[in-house]
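Visitor: next one to model:
(chains A and B)
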2 protein chains.
Amino acid sequence: MNPFAKRRSESVASLGEEGLIAAIRGWLGNATPPAPRGIGDDCALVGGPAGPRLLTVDPVVYARHFDDSTPAAAVGAKLLKRNLSDIAAMGGRPGVAVVALALDPRVKRAWVEGFYRGLAACARRYRVRIVGGDVAEAPGTLVASLTLLGTLGSGRAVPRRGARLGDRIYVTGRLGGSLRSGHHLSFEPRLREGAWLARHRAVRAMMDVSDGIAKDIAALTPRGAAADLDPSALPLRKGCSLREALCDGEDYELLFALDRRTAPGTFEQKWRRAFPRVPLSRIGRFVRAAALPSGAIRLSDYRGFEHLR
Amino acid sequence: MNPFAKRRSESVASLGEEGLIAAIRGWLGNATPPAPRGIGDDCALVGGPAGPRLLTVDPVVYARHFDDSTPAAAVGAKLLKRNLSDIAAMGGRPGVAVVALALDPRVKRAWVEGFYRGLAACARRYRVRIVGGDVAEAPGTLVASLTLLGTLGSGRAVPRRGARLGDRIYVTGRLGGSLRSGHHLSFEPRLREGAWLARHRAVRAMMDVSDGIAKDIAALTPRGAAADLDPSALPLRKGCSLREALCDGEDYELLFALDRRTAPGTFEQKWRRAFPRVPLSRIGRFVRAAALPSGAIRLSDYRGFEHLR
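Guide: Predicted coordinates:
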């Protein structure tokens, strides 16, 4: 079959990313287990006699995640850090990785050297070992995929689904303007923070923000609930609008739900003691969808970054 | 940096695949451990408290591993089977997989459906669970990478490096004409055979043949040795020439070295009892490079499939 559609209505673009992922789950059927062991979280949980491991894969694509202005070393580091952010979002510790590079034969040697040197420097920094990979020829393209294996430091993986009505919503760091500010290259995956949060049972659900809170928070929101977000509490990056903070994406911050029975003041004090230089913002809570107050952000007015549209 | 070179001399094509992989190893430096725990075997060995696991990644690329004539379901199955063949080549058993799909938004929904349904059917057949993945937009492209985790049934991983002077060289199945015959889609990864071979300590080195024996056997050949291959012993696929058997690639057969102290007749008898329908051919032995007899195949006259040239 020729893979390319002539009409948009026949293409994956007509489904959008979320529709496509839902469809893939259906097509895979019982070849994929239910979440958190299957599709639908930041990492998959892989069972084993020595306890579960985390498994995640994320790519960088030319003209999508980087362009001619990006230093090749920064592309290599970004590839690893995107995956580290997924490990962080489950509260895990990174282990080993494999890299699949698909590239046009005209790609510069100097680019590939910069890419791998940048990847290696980042791997050393986060104690990840690159144990293998593949190089394949791909006409007109430059795509690198990294698969990262991790372990659970605390023995607990924090899932995306787990929040309940009344739970408070927190986010680390600042939001918005990631491309403009260079944050999409310079960010530090929140590994220490994620592991710390996983040790706190009151943290019931967690994910990393990669496509903007406006879109991503849906994955954390309990059935029948809505996120009541306080616009004045959102930690905007300097010079960013509310819309940019909600929609830009590539924040790589942790978004999590804290048990409503936990005193937020005490929790926040502990955080500040553990991470004095990392902002933590209490940005709202989950309420019944019908009970959303009039001052709350109407997320339907915003859209996070949507792939394949 | 713009990744694309104007002059061939600046491109990765000037290195070729093997030169590129050697260079990557250097660029990664101590971020990659030495083989078999690092780059250089069919799978990486990942240590863990419950014993080692196998980790491998392989892609399928449009216009490279499949084209408009390939049913989408066969592409999905081929993607998994390529990786299964790498697990087989270490003597392992497959476990769970993640899939990263990078695709142009114009790709047909029907193609993607066929791809995942074919992948799922193949996964069920080989008891692999697809536990996660990623979908990313990639202008003008269609690349899918699968990462497969495996375990060691017998507790022993058979490496590529391990053969010695005098060891006999064997290959399973038939060679050549893989594209023409459809073997590149219809092949069965030699999982049962690989696991059986790993239980025999006399099997000292093993790999799967993906780029043709003429190229691949170098990875199995001990230092200072040469493969003395008997042209009349090579198992040619029907209608194939010697050159095609040596160079075509995509055979996905097992190539291995048997300890010279083992009686080949007894070993071959055991094989026939275990796998009455799978041909096993004793195609030669490793000799001192200077002692290659005049009747042997001069591998330098042949080249296996070389990527990135």
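Visitor: mind listing the helices for the stretch 151-300 of chain A?
Guide: Along the stretch 151-300 of chain A, the stretches classed as helices by DSSP state H, counting those that start in this stretch are A:178-181, A:183-186, A:191-198, A:213-216, A:242-247, A:264-274.
Visitor: which residues sit against the longest one?
Guide: Where contact means C-beta atoms under 8 Å, 6 or more residues apart in numbering or on different chains, the residues beyond helix A:264-274 that reach it are A:168, A:196, A:200, A:202, A:258, A:280, A:282. Yep, even glycine has a C-beta here, placed from its N, CA and C like the rest.
Visitor: which of the residues you listed are buried? Put it as a ChimeraX command.
Guide: In ChimeraX syntax, the buried subset of the contacts of helix A:264-274 is picked out as below (16 or more other C-beta atoms under 10 Å in any protein chain shown):
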select /A:168,196,200,202,258,280,282
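Visitor: switch the contacts of helix A:264-274 over to JSON lines; also include pLDDT and distance to residue A:96.
Guide: Listed next are these as JSON lines, based on pLDDT from 0 to 100; distance: C-beta to C-beta, whole Å:
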{"residue": "A:168", "pLDDT": "98", "distance to residue A:96": "36"}
{"residue": "A:196", "pLDDT": "97", "distance to residue A:96": "23"}
{"residue": "A:200", "pLDDT": "96", "distance to residue A:96": "28"}
{"residue": "A:202", "pLDDT": "97", "distance to residue A:96": "32"}
{"residue": "A:258", "pLDDT": "98", "distance to residue A:96": "32"}
{"residue": "A:280", "pLDDT": "98", "distance to residue A:96": "31"}
{"residue": "A:282", "pLDDT": "98", "distance to residue A:96": "36"}
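Visitor: for chain B, what's its nearest residue on the stretch 151-300 of chain A.
Guide: With C-beta to the nearest C-beta as the measure, residue A:151 is the residue of the stretch 151-300 of chain A nearest to chain B, at 8.5 Å.
Visitor: any idea how far that residue is from residue A:94?
Guide: Residue A:151 is 8 Å from residue A:94, where distance means C-beta to C-beta, to the nearest Å.
Visitor: ok, which stretches of chain A are strands?
Guide: A:44-46, A:53-61, A:92-103, A:129-137, A:142-152, A:168-172, A:203-209, A:225-229, A:253-258, A:280-288 (DSSP state E).
Visitor: which of these has the lowest average pLDDT?
Guide: When the strands of chain A are compared on mean pLDDT, strand A:44-46 scores lowest, with a mean of 88.
Visitor: and that one, what does it pack onto?
Guide: strand A:53-61, strand B:92-103, strand B:129-137 (3 or more C-beta pairs under 8 Å, 6 or more residues apart in numbering or on different chains; DSSP states H and E).
Visitor: give the contact list for residue A:126.
Guide: A:80, A:84, A:94, A:189, A:191.
Visitor: try it again at 10 Å.
Guide: A:77, A:80-81, A:84, A:87, A:93-94, A:97, A:148, A:188-189, A:191 (C-beta atoms under 10 Å, 6 or more residues apart in numbering or on different chains).
Visitor: of the residues you listed - the most surrounded one?
Guide: Within the contacts of residue A:126, residue A:84 tops the neighbour count with 33 neighbours, counted by other C-beta atoms under 10 Å in any protein chain shown.
Visitor: how close does the residue nearest to that one when sequence neighbours are not counted get to residue A:173?
Guide: Once flanking residues are discounted, residue A:84 sits nearest to residue A:189: 3.7 Å by C-beta to C-beta, 6 or more residues apart in numbering or on different chains. Residue A:189 is 11 Å from residue A:173, where distance means C-beta to C-beta.
Visitor: quickly list what's touching both of those two.
Guide: When C-beta under 10 Å, 6+ apart defines a contact, the residues bordering residue A:189 and residue A:173 alike are A:252, A:254.
Visitor: poorly predicted segments of chain A, please.
Guide: Within chain A, the segments meeting pLDDT under 70 span A:35-37, A:48-51, A:154, A:304-309.
Visitor: what do you get if the cut-off is 90, keeping everything else the same?
Guide: Applying pLDDT under 90 to chain A flags residues A:16-18, A:33-42, A:45-53, A:153-156, A:293-309.
Visitor: in it, which residue is closest to the centre?
Guide: residue A:208 (3.8 Å; C-alpha atoms, centre = their mean).
Visitor: residue contacts, that one?
Guide: By C-beta under 10 Å, 6+ apart, the contact list for residue A:208 reads A:42, A:82, A:84-90, A:160, A:172, A:189-190, A:194, A:216, A:251-256.
Visitor: bridging residues for it?
Guide: With DSSP bridges applied, residue A:208 shows beta-bridge pairing to residue A:254.
Visitor: wait, residue A:246 touches residue A:229, no?
Guide: Yes: judged on C-beta atoms under 10 Å, residue A:246 makes contact with residue A:229 at a distance of 8.5 Å.
Visitor: give me the common contacts of the two.
Guide: In contact with both residue A:246 and residue A:229: A:213-214, A:217, A:297, A:299, using C-beta under 10 Å, 6+ apart.
Visitor: give the burial count for residue A:216, as a bare number.
Guide: By the criterion of other C-beta under 10 Å, residue A:216 has 21 neighbours.
Visitor: stretch A:132-148 and chain B, any residue contact?
Guide: Yes: counting by C-beta under 10 Å from any C-beta of the partner chain, chain B has neighbours in stretch A:132-148: A:132-148.
Visitor: switch the shared contacts of residue A:246 and residue A:229 over to CSV, and while doing so, append distance to chain B to every line.
Guide: As requested, the shared contacts of residue A:246 and residue A:229 are exported to CSV (distance: C-beta to the nearest C-beta, whole Å):
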residue, distance to chain B
A:213, 20
A:214, 19
A:217, 20
A:297, 27
A:299, 23
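Visitor: please consider this matter closed, and thank you.
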